[in-house]
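Student: pasting the structure only:
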């Protein structure tokens, strides 16, 4: 028995064009007043990628026409409802943690926004969610610098999915720490690299724990890794902290889906388990082009797999 599934990873760049610090909870609005005294405004420009509302509407239309079964999104913040309005007739989604400010503020272990920007959208005719877990990264880097990763609750989501009422699939949707590397200025990004190393180890630890607890579903890891094929430190991190520990685990075999028309920091890995009733076979993979160009600062990562019964 064979079942084909189409999977898309897409950082949709859904940060608001600007935020007003006076929208913070009342106990934090003093930050807005201080900023007003210094800058003469309480508003901060956040996203310069054109008309974000227009972009999100068209991303929603494109997803609906894509025929995808699973769409894992990053940076789905303030335009979530607008996006889902275009998708509800064909798709449903998991837990959404809110807009950048509307999602709320957490105090511990440090002050940060609760929203993680992650969203999994699923074909309502084929997919069901059996389990969903929201995890924050144990280690991030950069509060008011280095892409401000500590300001939001970035992390990963774990899902156990049921496909066509028959096949179980584990899926990890991730958004790892970014950096602003500039070779000319020789910017120190050692903190970002260590954060990404820790984050991969955290995901792998969850995978191995489930393996030893006798969960033997095929596995997809997808999302914005902020890890480039261009840099040795990113290559070493993927090899040493993802590929090797999974490959060293008896009965687990990991591979990467590689686009035929370029590469990006958005990536999809797939893991098969010798004990599983089904295997994942990689069919094709491309980066989206044409009508989706410029709608986000990332291109959609489109891959197709076949699930085959043993």
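Tutor: Ah, there it is. Keep in mind it's a predicted model, so treat the numbers as computed, not measured. Numbers count the residues shown, from 1 in each chain.
Student: neighbouring contacts of the strand or helix carrying residue 92?
Tutor: Element membership for residue 92 (DSSP states H and E) is strand 91-93. Strand 91-93 is contacted by residues 63, 64, 71, 84, 87, 119, 120, 121, 122, 123, 124 when judged by Cβ atoms under 8 Å, 6 or more residues apart in numbering. C-beta: built from backbone N, CA, C; applies to glycine.
Student: What subset of those is buried?
Tutor: Neighbour-count burial (16 or more other Cβ atoms under 10 Å) applied to the contacts of strand 91-93 gives 63, 64, 71, 84, 87, 119, 120, 121, 122, 123.
Student: Restricted to helices, list those.
Tutor: 63, 64, 84 (DSSP state H).
Student: what's the single longest helix in the chain?
Tutor: Ranking each helix of the chain by length (DSSP H) puts helix 190-212 first.
Student: Just checking, which helix or strand succeeds it along the chain?
Tutor: Immediately after helix 190-212, counting by DSSP H and E, sits strand 219-224.
Student: before we move on, the earlier item: direction included, what does the strand holding residue 92 pair up with?
Tutor: Sheet pairing of strand 91-93 (DSSP bridges) gives strand 119-123 (antiparallel).
Student: The helix or strand that the strand holding residue 92 is followed by: partners in the sheet, and parallel or antiparallel?
Tutor: Downstream of strand 91-93, the next assigned helix or strand under DSSP H and E is strand 105-106. As defined by DSSP bridges, the strand partners of strand 105-106 come to strand 112-113 (antiparallel).
Student: sorry, back to before: mean confidence (pLDDT) on the longest helix of the chain, please.
Tutor: Throughout helix 190-212, pLDDT has a mean value of 96.
Student: just to revisit the earlier point, hmm, which two among the contacts of strand 91-93 are most spread apart?
Tutor: Taking Cβ to Cβ, the two most distant members of the contacts of strand 91-93 are 64 and 120; they sit 15.8 Å apart.
Student: Could you pull out the buried residues of stretch 302-310?
Tutor: Residues of stretch 302-310 classed as buried: 302, 303, 304, 305, 307 (neighbour count, 16+ other Cβ under 10 Å).
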